[in-house]
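>>> Predicted model, plus sequence, below.
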Amino acid sequence: MKCPKMYVNLIHEHLDGDITKENELLLKEHLHQCKDCQQHMHQLKRTIAFVQSTSHIELPMNFTAGVMAGLPREKNRIRMNR
Amino acid sequence: MDLLLKRKIKKVKKGDQDAFADIVEYHKDKLFHLCYRMLGNREEAQDAAQEAFIRAYVNIHSYDTSKKFSTWLYRIATNLCIDRIRKKKPDYYLDAEVAGTDGLNMYSQIAADQALPEEELEQVELQEFIQSEILKLPEKYRTVIVLKYIDELSLKEISDILDLPLGTVKTRIHRGREALRNRLRHL
């Protein structure tokens, strides 16, 4: 990619929602005429989608019970108040 | 929900254990997911998430109720995961740091093989592949990427959780994202 590194930085700022209006415009304009940067942004967006795609792993039903069993014992005072 | 959560936490602070079960129920999936992305292994992630909740309970008095509970909880879990990662210190990534990248190694700079052999593609589930690529990120990049994308946390929240300056968080997210892009773009 021959573009100044600035544009990649702007792409990241854009992805983080951390970009000024002025820079957003600058980026937009650049993306219109630069295939490479367009592709770069597209790849980053796909990467994010991959990372966000939820894995199918689930916690066992008894997870909370396991945590509760691992807690130090409740103070007697509280138990008596109930 | 927030108000309900606050009430529950108040109860826990007073020593009511049952109220804590609701807090666990509410946060467990995200916390587990976070640990799984950090550690890459179901059992270990489950174990870490459990330990994080227990630590949260034991230290509930140090939680400042004016702040977001999940931020505090994630901080406990993240530190725990980082401890575990450091203890096992994997050296399965190509070791040498690339100059000027602050901890990124050669591995994260090269693209994944353009085409995985077909049988391999069939065998390796996409999810597993993505997970393995996340795991290959050095811990400091992995942490910010996981926090950013597990719960859509803001940069500010991530900087609170990790106790890092905002600028550092930004840089790490950018670099981590680029490293992953290099590895995943051919998918």
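Thanks, I have the structure now. Numbering: from 1, shown residues only, chains lettered A, B, ... in the order given.

>>> Could you use CA atoms for every contact and neighbour count after this?
Noted.

>>> so B:Ser82 touches B:Arg142, yeah?
For the record, residue B:82 is Ile, not Ser. No - contact criterion C-alpha atoms under 8 Å: B:Ile82 and B:Arg142 do not qualify, at 10.0 Å.

>>> Any figure for the gap between A:Gln39 and A:His32?
Separation of A:Gln39 from A:His32 (C-alpha to C-alpha, to the nearest Å): 11 Å.

>>> quick one, which of these two is more surrounded?
A:Gln39 (13 against 10; other C-alpha atoms under 10 Å in any protein chain shown).

>>> Dump stretch B:152-163 to CSV, restricted to CA.
Taking Å, rounded to 0.1, in the frame of the first residue of the first chain, the C-alpha atoms of stretch B:152-163 are listed here in CSV:
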residue,chain,number,x,y,z
GLU,B,152,-18.5,-3.6,23.2
LEU,B,153,-16.6,-1.8,25.9
SER,B,154,-15.6,1.8,25.2
LEU,B,155,-12.0,2.7,25.0
LYS,B,156,-12.4,4.6,28.3
GLU,B,157,-13.8,1.6,30.1
ILE,B,158,-11.0,-0.6,28.8
SER,B,159,-8.5,2.0,30.1
ASP,B,160,-10.3,1.9,33.5
ILE,B,161,-10.3,-1.9,33.6
LEU,B,162,-6.6,-2.2,32.7
ASP,B,163,-5.5,0.9,34.4
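
>>> For it, which outside residues touch it?
Stretch B:152-163 is contacted by residues A:16, B:71-72, B:74-75, B:78, B:144, B:147-148, B:165-166, B:169-170 when judged by C-alpha atoms under 8 Å, 6 or more residues apart in numbering or on different chains.

>>> hmm, which helix or strand of chain A has the shakiest average pLDDT?
The weakest-scoring helix or strand in chain A, judged by mean pLDDT, DSSP states H and E, is helix A:76-81 (a mean of 52).

>>> same deal with chain B?
Using mean pLDDT, DSSP H and E, the weakest-scoring helix or strand in chain B turns out to be helix B:118-123, at a mean of 54.

>>> Packing partners of the following helix or strand past it?
Next in sequence after helix B:118-123, counting helices and strands by DSSP states H and E, comes helix B:126-136. Contact here means 3 or more C-alpha pairs under 8 Å, 6 or more residues apart in numbering or on different chains; DSSP states H and E; on that basis helix B:126-136 packs against helix B:17-39, helix B:166-184.

>>> Those residues of chain B touching chain A, which are they?
By the rule C-alpha under 8 Å from any C-alpha of the partner chain, the part of chain B lying against chain A is B:15-17, B:21, B:24-25, B:28-29, B:32, B:42, B:46, B:50-51, B:53-54, B:57-58, B:127, B:130, B:149-150, B:155, B:174, B:177-178, B:180-181, B:184-185.
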